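Peer 1: Take this sequence and fold it.
(one chain, ligands or ions: 1)
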Amino acid sequence: MKNIDYRLKKIFTLIVVLILLSLLLKFIWQIFVNQSKAQAKDYQSLAAIPPELIISVQKTKPGNWQDYASILIAIFLTHSSNSAEAELPMDTSNSKPKDYYYLILSTDLKIQFLLTQLDTHVAYKNLDWEGVDPELRKKANYYRQLFEKYPIFEPDKYQFPLAQSCYYTDTYGAAREGGARRHEGTDLFAAKGTPIYSVSSGKVERLGWNRLGGERVGVRGEDGNYYYYAHLDTINKSLSIGTEIKPGDFLGTMGNTGDALTTPDHLHFGIELPNGEWLNPYSFLKVWEYHKFNQ
Ligand SMILES: [Zn+2]
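Peer 2: Next comes the predicted model:
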């Protein structure tokens, strides 16, 4: 009898321990899932910023462009949420950057005072927000923290994948294969054989043929994102899985392999977030391109 009691106790303890362990694992997993969800939301917010705005402030306020950009974005988002247009104004037709900074000179005095403070080198964290709409401040803080956390608009950390300017438009989300799937990247058009360079640092994760991409190179960035270069004509022979990559390293040459066989030669460039979501690379490309060719 005593023996059975002892065994039952042992089994019971084991079950309790297993339940607790699985709850703990579930808890840890949930933290991980929530983190990657938040990160994806952050990157999607960055991808939605018009490149003209970033270029404009990087050009006119190189020392603290993140401060100005955060406040300008917050102004646009706060103003547009009052109107029917709830998105940032994206001007894809005009390649000349609009001077966003001067666009806001007509807005209210409190906001002008914020910008005057930045002009006189008050640090962002010491700004006097007296009288400014708290919603606007919250949005500005959100973007300020994004720029700090994800340096994807920093031209010294990332770079344009070609050694020349080329034709590309924002076709992210356009229908492909008669609407069966969506376009999950940006197509950059240039002649066959045009060299393609890595935009980021990281490690080669995938290499060679796949059905849609043809000859492709996939680089796992140091930032955790997956950078995808497809339809290459040739791949740099010195690359193999695990090769360390720096921004500007030669990956291969432009072509039309894979499902691009019937289209003009182009690079399909994609950015996949760690949670599997694809990011629209258009704004980042425009900013990197500006810095590569307008210094
Ligand atoms: Zn494409």
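
Peer 1: ok, Pro155 - how many residues close by?
Peer 2: Number of residues near Pro155 (other CB atoms under 10 Å) recorded here: 17. (Each C-beta comes from the backbone N, C-alpha and C, glycine too.)

Peer 1: Can you give me the distance of it to Gly248?
Peer 2: 12 Å (CB to CB, to the nearest Å).

Peer 1: Over to Ala48?
Peer 2: 27 Å.

Peer 1: What backbone torsions are found at Leu207?
Peer 2: The phi/psi pair for Leu207 (degrees, to the nearest 10) reads phi -150, psi 140.

Peer 1: which residues sit in contact with it?
Peer 2: Residues near Leu207 by CB atoms under 8 Å, 6 or more residues apart in numbering: 216-218, 235, 239-241.

Peer 1: let's go with 7 Å and repeat that
Peer 2: 217, 235, 239-241 (CB atoms under 7 Å, 6 or more residues apart in numbering).

Peer 1: For burial, what's the neighbour tally of the residue nearest to Asp249 when sequence neighbours are not counted?
Peer 2: Using CB to CB, 6 or more residues apart in numbering and skipping residues adjacent in sequence, the residue nearest Asp249 is Ser198, 4.6 Å away. Other residues within reach of Ser198, judged by other CB under 10 Å, total 24.

Peer 1: The closest residue to the ion within the stretch 151-295 of the chain: what secondary structure?
Peer 2: In the stretch 151-295 of the chain, the residue that lies nearest the ion is His268 (3.3 Å; CB to the ion). With DSSP: H, G, I helix; E, B strand; the rest coil as the basis, His268 sits in strand.

Peer 1: so what's it closest to, chain neighbours aside?
Peer 2: That would be Ala230: by CB to CB, 6+ apart, it lies 4.0 Å from His268.

Peer 1: Is it correct that the one you found falls within a strand?
Peer 2: Yes. Per three-state DSSP, Ala230 lies within a strand segment.

Peer 1: Surely it and Glu272 touch.
Peer 2: No. Look at Ala230 against Glu272 with CB atoms under 7 Å: they stay out of range, at 11.9 Å.

Peer 1: Have a look at the two and say which one is more surrounded.
Peer 2: Comparing Ala230 with Glu272 by other CB under 10 Å, the one with more neighbours is Ala230, at 24 against 17.

Peer 1: Which helix or strand contains the residue nearest the centre of the chain?
Peer 2: Central residue of the chain (CA atoms, centre = their mean): Tyr43, 4.7 Å from the mean position. Using DSSP states H and E, Tyr43 sits within helix 2-47.

Peer 1: With adjacent residues omitted, what lies nearest to Tyr168?
Peer 2: Leu188 (4.5 Å).

Peer 1: by contact count, what packs against whichever strand or helix holds the one you found?
Peer 2: Assigned by DSSP H and E, Leu188 belongs to strand 186-189. Under the contact criterion of 3 or more CB pairs under 7 Å, 6 or more residues apart in numbering; DSSP states H and E, strand 186-189 touches strand 266-272.

Peer 1: list the helices and strands the strand it packs on packs on?
Peer 2: strand 186-189, strand 226-235, strand 278-279.

Peer 1: who touches it?
Peer 2: 161, 184-189, 196, 213, 225-231, 254, 256, 260, 278-279, 281.
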